[in-house]
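A.B. asks: Sharing a sequence plus its predicted fold:
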Amino acid sequence: MSQRSCLSVILAAGEGTRMKSAMPKVLHAIAGLPMVAHVVKAAEAAGATGLSLVIGHGAEEMRKAARKFAPKAETFVQEKRLGTAHAVLAAREAISKGYDDILVMFGDTPLIDAGALVAARQKLAQGAAVAVIGFRPPNPTGYGRLIEKDGQLVAIREEKDCSEAEKKIGFCNAGMMAVAGKHALRLLDKVGNNNAKGEFYLTDIVEIAGAEGLDVVATEASFESALGINNRAELAEAEAIWQARRRREAMLAGVTLIAPETVYFSHDTEIGADTIVEPNVWFGPGVKVASGAKIHAFSHIEGATIASNCDVGPFARLRPGADLRQKAKVGNFCEVKQATIEEGAKVNHLTYIGDARVGAGANIGAGTITCNYDGYSKFFTDIGEGAFVGSNSSLVAPVTIGKGGYIASGSVITENVPDDALAFGRARQKTLPGKGKELRQRFASAATAKKNAAE
Ligand code: UD1
Ligand code: MG
């Protein structure tokens, strides 16, 4: 089948009013990726070599987004929403290029799995003209029913056009189908709009192809993979299903999730075997974790690279550009942004490291802050191998601390510190014997005098 060319036509012209959103429905994200981008991924995984996006509502925003998640996709605007067949025909120019298979998909069905699409394409490879993807929803109301006879699909009847007997059919149209490229335009052009909604129904090509004596079949996909999203409750439902799938995949690949239902992955999270993830961890986009790392509870991680055997959290925040090398440690209430923490370095408590390098084996004390921003520009802090930064120090960038440099606690470091130097950046301590007691007495009598005067 791999030698058969395939065009995926993704319908996404709908307004999605029930999302109650200024943003087009299909751009709402699941696992940090627009739902239509999930559909694109499934199409590609099923072997689609061409991609057409049919857009309408929010066309400019859609085009802009598509440049990111599907740079090779062609977009076609459906000016008026006259039905699903009409929508597919908006991509006429692409379809007429002569693909073997046309896969019609919906932009609001993000959990569709490549396997279901491949199964439909296989039917075309075996000679079918149309292969419709069916499913069995717990409640079929609202879906088109698949009417079969002797292994052939004879019709799809929309709910509004169904007889009482037809309404009892549980096998429904998931919406997506594979159509042989050589028949597609001819069949689509024959579709009329003589139905309850006055729309051009894609589903009519089933009867049209049957009347031509062509082979039309239905395949079956899981309910989940056909889940269409119309509102934010369904969006959350799809997110939950996606997360459950991904967690399971991670666990089967050797990742320990102590409380899997509390760990959230992004669409692109990479995580190696023998990593342990404690409860309540969030992976935003762009995270790569190698094997054998420990991610402790309540950590929030995005755009970060974590090498093997690192230790992160609890309550760590790794922001984009955080690059933890082997055995590095970033502990509780630490934030790391655009910074490399080299091998075995430790940033253990209540610290902000931004725009910096922390050299191998360096130790960053509690409460250390890299002061990287003056309100206009960002500056770099370079901390050498084996350096020791005492607690509660401010490193005012740009600044360099040499290899083995030693910073006294509570320092404000504004000048570079050479290798192996000791730097103090704080006022010297003064101790005055008895002065504490004297001060307390003075304050107490002042307070009494004030109270007496007020009475
Ligand atoms: C469609 C199917 C129905 C199936 C159901 C599964 C048809 C006629 N009916 O019904 O059998 O059970 O999906 O969810 O196909 N769209 C456009 N332009 C249009 C019309 C639709 O781009 O002019 C897009 C929508 O944005 C959406 C998709 O096509 O992504 C499906 O349209 P929708 O109106 O949701 O069809 P249903 O009535 O749900
Ligand atoms: Mg629908």
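C.D. replies: Structure's in. What do you need? Ligands and ions are numbered 1, 2, ... in the order given.
A.B. asks: Just give the number of residues close to Arg92.
C.D. replies: For Arg92, the count of nearby residues is 14 (other C-beta atoms under 10 Å). C-beta here means a position set from N, CA and C on the backbone, and glycine is covered the same way.
A.B. asks: ok, now which ones touch the closest residue to it other than its chain neighbours?
C.D. replies: In this structure, Arg92 finds its nearest non-sequential neighbour in Leu185, 6.7 Å apart by C-beta to C-beta, 6 or more residues apart in numbering. Contact criterion C-beta atoms under 8 Å, 6 or more residues apart in numbering gives Leu89, Arg92, Ile95, Ser96 as the residues in contact with Leu185.
A.B. asks: Which members of those are classed as buried?
C.D. replies: Buried subset of the contacts of Leu185 (neighbour count, 16 or more other C-beta atoms under 10 Å): Leu89, Ile95.
A.B. asks: List of residues touching the longest strand anywhere in the chain?
C.D. replies: Looking across the chain with DSSP state E, the single longest strand is strand 172-180. With C-beta under 8 Å, 6+ apart as the test, strand 172-180 has contacts from 84, 100-106, 109, 112, 116-117, 120-121, 123-124, 128-137, 140, 143-146, 156, 187, 202-203, 205, 221, 225-226, 228.
A.B. asks: ok and the helix or strand that it is followed by relative to strand 172-180, angle-wise?
C.D. replies: On the C-terminal side of strand 172-180, the closest following helix or strand by DSSP states H and E is helix 181-189. Helix 181-189 and strand 172-180 are oriented at 120 degrees to each other (axes from the mean of the first three to the mean of the last three C-alpha atoms, to 10 degrees).
A.B. asks: buried stuff in helix 181-189?
C.D. replies: Buried-residue list, helix 181-189, by 16+ other C-beta under 10 Å: Gly181, His183, Ala184, Leu185, Leu187, Leu188.
A.B. asks: and the nearest residue to Gly50 once chain neighbours are set aside, what helix or strand is that in?
C.D. replies: Computed as C-beta to C-beta, 6+ apart, the closest residue to Gly50 that is not its neighbour in sequence is Leu7, at 3.9 Å. Taking DSSP H and E as the definition, Leu7 sits inside strand 6-12.
A.B. asks: how much does that strand deviate in direction from helix 181-189?
C.D. replies: Going by the same axes, to 10 degrees, strand 6-12 makes 30 degrees with helix 181-189.
A.B. asks: Just the residues contacting the helix or strand that strand 6-12 is followed by, thanks.
C.D. replies: Following strand 6-12 in sequence order, the next helix or strand is strand 29-30 (DSSP H and E). For strand 29-30, contacts defined as C-beta under 8 Å, 6+ apart pick out Met35, His38, Pro110, Leu235, Ala238, Glu239, Trp242, His267.
A.B. asks: Let me see the contact set for the nearest residue to Gly390 once chain neighbours are set aside.
C.D. replies: Ranked by C-beta to C-beta, 6+ apart and with sequence neighbours excluded, the top spatial neighbour of Gly390 is Ser409, at 3.4 Å. Applying C-beta under 8 Å, 6+ apart, we find Ser409 in contact with Gly365, Gly390, Ser391, Asn392, Ser393.
A.B. asks: Next, work out how far apart Ser409 and Gly386 are.
C.D. replies: Ser409 is 18 Å from Gly386, where distance means C-beta to C-beta, to the nearest Å.
A.B. asks: is it true that Ala240 lies in a helix?
C.D. replies: Yes. Counting by DSSP: H, G, I helix; E, B strand; the rest coil, Ala240 is located in a helix.
A.B. asks: burial count for it?
C.D. replies: Count around Ala240 with other C-beta under 10 Å applied: 12.
A.B. asks: per-residue pLDDT, whichever residue of the stretch 101-250 of the chain sits closest to ligand 1?
C.D. replies: Residue of the stretch 101-250 of the chain nearest ligand 1, by C-beta to the nearest ligand atom: Gly144 (2.3 Å). The model reports Gly144 with a pLDDT of 94.
A.B. asks: I'd say it and Leu153 touch.
C.D. replies: No. Applying C-beta atoms under 8 Å, one finds Gly144 not in contact with Leu153, separated by 11.3 Å.
A.B. asks: in the sheet, who's paired with the residue nearest to Gly50?
C.D. replies: Gly50, Ile102 (DSSP bridges).
A.B. asks: sorry, back to before: how about a markdown table for the contacts of Ser409, with neighbour count, pLDDT and distance to Met176 added?
C.D. replies: Output for the contacts of Ser409, formatted as a markdown table (neighbours: other C-beta atoms under 10 Å; pLDDT from 0 to 100; distance: C-beta to C-beta, whole Å):
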| residue | neighbour count | pLDDT | distance to Met176 |
| --- | --- | --- | --- |
| Gly365 | 20 | 98 | 58 |
| Gly390 | 20 | 98 | 62 |
| Ser391 | 17 | 98 | 59 |
| Asn392 | 17 | 98 | 60 |
| Ser393 | 25 | 98 | 59 |
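A.B. asks: that older thread, could you list which of the buried residues of helix 181-189 also contact ligand 1?
C.D. replies: With C-beta under 6 Å from any ligand atom as the criterion, the buried residues of helix 181-189 include none near ligand 1.
A.B. asks: is ligand 1 contacted by stretch 73-83?
C.D. replies: Yes. Stretch 73-83 comes into contact with ligand 1 (C-beta under 6 Å from any ligand atom), by way of Gln78, Arg81, Leu82, Gly83.
A.B. asks: what about that stretch, average pLDDT?
C.D. replies: On average, stretch 73-83 scores 96.
A.B. asks: Mind listing what's buried along it?
C.D. replies: Of all the residues in stretch 73-83, those buried under the rule 16+ other C-beta under 10 Å are Ala73, Glu74, Thr75, Phe76, Gln78, Gly83.
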